[in-house]
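Trainee: Return a 3D structure for these sequence lines:
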Amino acid sequence: MTDTTSLFPPLYRGLEPLRADRHGALRLRDAGYGFAAGVAAVPVAMEEMAIAGRHHPIVFSAEAPFMPVAIMGLEAGHNPHVGADGRWPAGLYLPAYLRRYPFFLARLRDGAEEMALCIDTSAPQLGEEGEPLFIDGKPAPALDRAFAFTRDLELALQKTRRMSEALTGLGLLQPAAVQFQRDGKPLKIDGFRAVERAAFDRLDGAQLATLRDQGYLEAIYAHLFSVGGLPEMAAKG
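Mentor: Below is the predicted model:
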(Lines give C-alpha, C1' and ligand atoms only; values in the text may rest on other atoms or scores of the structure.)
Protein backbone atom coordinates (compact mmCIF):
# COMPACT_ATOMS: atom_id res chain seq x y z
CA MET A 1 0.00 0.00 0.00
CA THR A 2 1.31 3.46 -0.88
CA ASP A 3 2.04 5.77 2.04
CA THR A 4 0.35 8.96 0.90
CA THR A 5 1.76 10.94 3.83
CA SER A 6 5.19 10.70 2.15
CA LEU A 7 3.83 13.00 -0.57
CA PHE A 8 3.58 15.86 1.91
CA PRO A 9 6.26 17.89 3.74
CA PRO A 10 7.43 16.56 7.12
CA LEU A 11 4.69 16.79 9.79
CA TYR A 12 1.85 17.27 7.32
CA ARG A 13 -0.65 14.46 6.80
CA GLY A 14 -2.63 16.34 4.18
CA LEU A 15 -3.04 19.81 2.69
CA GLU A 16 -6.18 21.62 1.61
CA PRO A 17 -6.42 25.14 0.15
CA LEU A 18 -8.01 27.27 2.85
CA ARG A 19 -11.50 28.46 1.83
CA ALA A 20 -14.19 30.26 3.79
CA ASP A 21 -16.98 28.17 2.30
CA ARG A 22 -15.25 24.95 3.38
CA HIS A 23 -13.33 25.90 6.50
CA GLY A 24 -15.35 28.86 7.80
CA ALA A 25 -16.23 27.13 11.07
CA LEU A 26 -12.67 26.16 12.00
CA ARG A 27 -10.95 27.79 14.94
CA LEU A 28 -7.29 27.91 15.91
CA ARG A 29 -6.12 27.01 19.41
CA ASP A 30 -2.90 26.28 21.27
CA ALA A 31 -2.65 22.49 21.36
CA GLY A 32 1.01 22.19 22.35
CA TYR A 33 3.66 20.45 20.27
CA GLY A 34 2.69 16.81 20.56
CA PHE A 35 2.38 16.81 16.77
CA ALA A 36 6.18 17.15 16.57
CA ALA A 37 6.98 14.23 18.88
CA GLY A 38 7.87 11.99 15.94
CA VAL A 39 10.11 14.45 14.11
CA ALA A 40 13.83 13.99 14.71
CA ALA A 41 14.99 16.76 12.35
CA VAL A 42 13.35 20.04 11.37
CA PRO A 43 14.19 22.29 8.38
CA VAL A 44 15.55 25.70 9.38
CA ALA A 45 15.81 28.95 7.45
CA MET A 46 19.09 30.75 6.96
CA GLU A 47 18.01 33.70 9.12
CA GLU A 48 17.38 31.52 12.18
CA MET A 49 20.54 29.43 12.01
CA ALA A 50 22.53 31.73 14.31
CA ILE A 51 20.09 31.31 17.20
CA ALA A 52 18.97 27.77 16.36
CA GLY A 53 22.60 26.63 16.29
CA ARG A 54 23.02 27.62 19.94
CA HIS A 55 20.36 25.06 20.89
CA HIS A 56 20.43 22.35 18.21
CA PRO A 57 23.10 20.84 15.95
CA ILE A 58 22.50 22.03 12.39
CA VAL A 59 23.55 19.91 9.42
CA PHE A 60 22.61 19.79 5.75
CA SER A 61 20.38 17.06 4.36
CA ALA A 62 22.07 14.21 2.52
CA GLU A 63 19.93 14.67 -0.60
CA ALA A 64 19.72 17.66 -2.95
CA PRO A 65 18.97 20.51 -2.52
CA PHE A 66 20.93 19.93 0.74
CA MET A 67 18.78 22.15 2.96
CA PRO A 68 19.86 22.87 6.55
CA VAL A 69 18.04 20.98 9.29
CA ALA A 70 18.12 21.27 13.07
CA ILE A 71 18.66 17.90 14.75
CA MET A 72 16.14 17.32 17.53
CA GLY A 73 17.33 13.80 18.38
CA LEU A 74 19.42 10.96 16.99
CA GLU A 75 16.69 8.31 17.16
CA ALA A 76 14.61 8.22 13.98
CA GLY A 77 11.00 9.17 14.55
CA HIS A 78 11.58 10.58 18.03
CA ASN A 79 11.86 14.15 19.26
CA PRO A 80 13.05 14.01 22.89
CA HIS A 81 12.28 17.70 23.43
CA VAL A 82 8.51 17.19 23.31
CA GLY A 83 7.18 16.28 26.73
CA ALA A 84 4.52 13.69 27.41
CA ASP A 85 2.08 16.59 27.84
CA GLY A 86 3.06 18.03 24.45
CA ARG A 87 4.95 20.95 25.93
CA TRP A 88 8.15 22.40 24.49
CA PRO A 89 10.95 23.12 27.01
CA ALA A 90 11.05 26.73 28.17
CA GLY A 91 14.05 28.58 26.76
CA LEU A 92 14.78 26.01 24.03
CA TYR A 93 14.66 27.48 20.55
CA LEU A 94 11.55 26.48 18.62
CA PRO A 95 12.19 26.39 14.84
CA ALA A 96 9.88 28.45 12.66
CA TYR A 97 8.92 25.30 10.74
CA LEU A 98 7.14 24.02 13.86
CA ARG A 99 5.61 27.41 14.65
CA ARG A 100 4.11 27.55 11.17
CA TYR A 101 2.18 24.28 11.44
CA PRO A 102 -0.64 23.58 10.44
CA PHE A 103 -0.36 26.22 7.69
CA PHE A 104 1.58 25.89 4.46
CA LEU A 105 1.96 27.83 1.21
CA ALA A 106 1.70 25.66 -1.88
CA ARG A 107 1.26 26.00 -5.62
CA LEU A 108 -2.04 24.50 -6.68
CA ARG A 109 -0.65 23.43 -10.03
CA ASP A 110 2.78 22.90 -11.55
CA GLY A 111 4.31 26.03 -13.02
CA ALA A 112 1.90 28.40 -11.27
CA GLU A 113 3.41 31.55 -9.79
CA GLU A 114 0.66 32.19 -7.27
CA MET A 115 0.73 30.22 -4.03
CA ALA A 116 -2.29 29.41 -1.88
CA LEU A 117 -2.46 29.20 1.89
CA CYS A 118 -3.24 25.60 2.82
CA ILE A 119 -3.91 23.77 6.08
CA ASP A 120 -3.52 20.29 7.45
CA THR A 121 -7.08 19.68 8.64
CA SER A 122 -5.92 16.78 10.86
CA ALA A 123 -3.87 19.17 13.03
CA PRO A 124 -4.83 19.25 16.74
CA GLN A 125 -4.74 23.07 16.64
CA LEU A 126 -7.86 23.14 14.49
CA GLY A 127 -11.33 22.52 15.86
CA GLU A 128 -14.41 24.15 17.33
CA GLU A 129 -12.58 26.09 20.08
CA GLY A 130 -10.16 28.99 19.89
CA GLU A 131 -9.80 31.98 17.57
CA PRO A 132 -11.89 31.92 14.39
CA LEU A 133 -10.12 31.75 11.05
CA PHE A 134 -12.97 33.54 9.31
CA ILE A 135 -15.55 36.10 10.41
CA ASP A 136 -18.52 36.62 8.11
CA GLY A 137 -16.65 34.83 5.36
CA LYS A 138 -13.58 37.08 5.58
CA PRO A 139 -10.16 36.32 7.07
CA ALA A 140 -10.03 36.94 10.81
CA PRO A 141 -6.97 38.40 12.61
CA ALA A 142 -5.71 34.90 13.49
CA LEU A 143 -5.69 33.95 9.83
CA ASP A 144 -4.02 37.21 8.80
CA ARG A 145 -1.22 36.53 11.28
CA ALA A 146 -0.86 32.94 10.10
CA PHE A 147 -0.67 34.02 6.47
CA ALA A 148 1.96 36.69 7.18
CA PHE A 149 4.13 34.27 9.15
CA THR A 150 3.77 31.49 6.57
CA ARG A 151 4.58 33.86 3.70
CA ASP A 152 7.66 35.23 5.47
CA LEU A 153 8.93 31.72 6.25
CA GLU A 154 8.39 30.60 2.66
CA LEU A 155 10.45 33.56 1.42
CA ALA A 156 13.15 32.75 3.99
CA LEU A 157 13.28 29.10 2.89
CA GLN A 158 13.57 30.16 -0.75
CA LYS A 159 16.53 32.33 0.23
CA THR A 160 17.98 29.43 2.19
CA ARG A 161 17.71 27.17 -0.85
CA ARG A 162 19.69 29.72 -2.87
CA MET A 163 22.32 29.65 -0.13
CA SER A 164 22.54 25.86 -0.29
CA GLU A 165 22.87 26.01 -4.07
CA ALA A 166 25.67 28.57 -3.74
CA LEU A 167 27.54 26.46 -1.19
CA THR A 168 27.11 23.40 -3.39
CA GLY A 169 28.43 25.32 -6.39
CA LEU A 170 31.56 26.19 -4.41
CA GLY A 171 32.07 22.55 -3.46
CA LEU A 172 31.58 23.24 0.23
CA LEU A 173 28.79 20.81 1.09
CA GLN A 174 30.26 17.33 1.34
CA PRO A 175 29.18 14.04 2.94
CA ALA A 176 30.26 14.21 6.56
CA ALA A 177 30.51 12.22 9.76
CA VAL A 178 31.25 12.90 13.41
CA GLN A 179 33.31 10.35 15.31
CA PHE A 180 33.90 10.28 19.06
CA GLN A 181 34.33 7.99 22.05
CA ARG A 182 31.57 7.05 24.48
CA ASP A 183 32.20 4.71 27.38
CA GLY A 184 35.50 3.82 25.76
CA LYS A 185 33.87 2.75 22.51
CA PRO A 186 34.06 4.54 19.16
CA LEU A 187 30.79 5.99 17.86
CA LYS A 188 30.03 7.52 14.48
CA ILE A 189 27.19 9.77 13.32
CA ASP A 190 26.85 10.13 9.56
CA GLY A 191 24.25 10.38 6.80
CA PHE A 192 24.37 14.15 6.37
CA ARG A 193 26.32 16.87 4.60
CA ALA A 194 28.34 19.65 6.15
CA VAL A 195 30.58 22.50 5.12
CA GLU A 196 34.00 20.95 4.63
CA ARG A 197 36.48 23.09 6.54
CA ALA A 198 39.35 22.39 4.14
CA ALA A 199 37.26 23.51 1.16
CA PHE A 200 36.09 26.56 3.10
CA ASP A 201 39.69 27.48 3.93
CA ARG A 202 40.60 27.31 0.23
CA LEU A 203 38.13 30.04 -0.76
CA ASP A 204 39.76 33.21 -2.03
CA GLY A 205 39.01 36.73 -0.91
CA ALA A 206 36.49 37.42 -3.65
CA GLN A 207 34.54 34.27 -2.87
CA LEU A 208 34.48 35.04 0.86
CA ALA A 209 33.36 38.59 0.13
CA THR A 210 30.48 37.26 -1.96
CA LEU A 211 29.41 34.92 0.83
CA ARG A 212 29.61 37.82 3.27
CA ASP A 213 27.61 40.16 1.04
CA GLN A 214 24.89 37.52 0.59
CA GLY A 215 24.66 37.04 4.36
CA TYR A 216 25.81 33.43 4.14
CA LEU A 217 28.91 33.60 6.33
CA GLU A 218 26.98 33.92 9.59
CA ALA A 219 24.92 30.85 8.68
CA ILE A 220 28.07 28.89 7.78
CA TYR A 221 29.76 29.65 11.09
CA ALA A 222 26.57 28.88 13.02
CA HIS A 223 26.42 25.50 11.29
CA LEU A 224 30.09 24.69 11.89
CA PHE A 225 29.96 25.59 15.58
CA SER A 226 26.70 23.71 16.14
CA VAL A 227 27.94 20.39 14.76
CA GLY A 228 30.08 20.08 17.87
CA GLY A 229 26.86 19.45 19.78
CA LEU A 230 26.27 16.07 18.14
CA PRO A 231 28.56 14.09 20.47
CA GLU A 232 26.93 15.79 23.48
CA MET A 233 23.50 14.85 22.14
CA ALA A 234 24.61 11.26 21.64
CA ALA A 235 26.08 11.14 25.16
CA LYS A 236 22.68 12.04 26.58
CA GLY A 237 21.23 9.02 24.84
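
Trainee: residue ranges for the strands of the chain, please.
Mentor: 16-17, 27-28, 41-43, 58-60, 68-71, 103-107, 115-119, 126-127, 131-132, 134-135, 138-139, 173-182, 185-195 (DSSP state E).

Trainee: Show me the one of those that comes nearest F225.
Mentor: strand 58-60 (9.1 Å; Cβ to Cβ). Any C-beta I mention is one placed from the backbone N, CA and C, and that applies to glycine too.

Trainee: What separation do you get for E114 and L105?
Mentor: 10 Å (Cβ to Cβ, to the nearest Å).

Trainee: Between those two, which has more neighbouring residues?
Mentor: More neighbours surround L105 than the other of E114 and L105, with 17 against 7 (other Cβ atoms under 10 Å).

Trainee: Count the residues that sit near the closest residue to M46 other than its chain neighbours.
Mentor: Nearest residue to M46, sequence neighbours excluded (Cβ to Cβ, 6 or more residues apart in numbering): T160, at 4.2 Å. By the criterion of other Cβ under 10 Å, T160 has 23 neighbours.

Trainee: residue ranges with poor pLDDT in the protein?
Mentor: Low-confidence segments of the chain, defined by pLDDT under 70: 1-7, 110-112, 181-184, 237.

Trainee: Now for the residue nearest the centre of it: which residues touch it?
Mentor: Compute the mean C-alpha point of the chain, and by Cα atoms, centre = their mean the closest residue is P43, 2.1 Å away. Each residue near P43 by Cβ atoms under 8 Å, 6 or more residues apart in numbering is listed here: 10, 67-70, 95, 97, 157.

Trainee: gap between it and P65?
Mentor: Distance of P43 to P65, given as Cβ to Cβ: 11 Å.

Trainee: Equivalent analysis for P132, please.
Mentor: 37 Å.

Trainee: With G14 instead?
Mentor: 24 Å.

Trainee: Which strands and helices lie in contact with whichever helix in the chain runs longest?
Mentor: As assigned by DSSP state H, the longest helix anywhere in the chain is helix 141-169. When contacts are defined as 3 or more Cβ pairs under 8 Å, 6 or more residues apart in numbering; DSSP states H and E, helix 141-169 sits against strand 27-28, helix 96-100, strand 103-107, strand 115-119, strand 131-132, helix 216-226.
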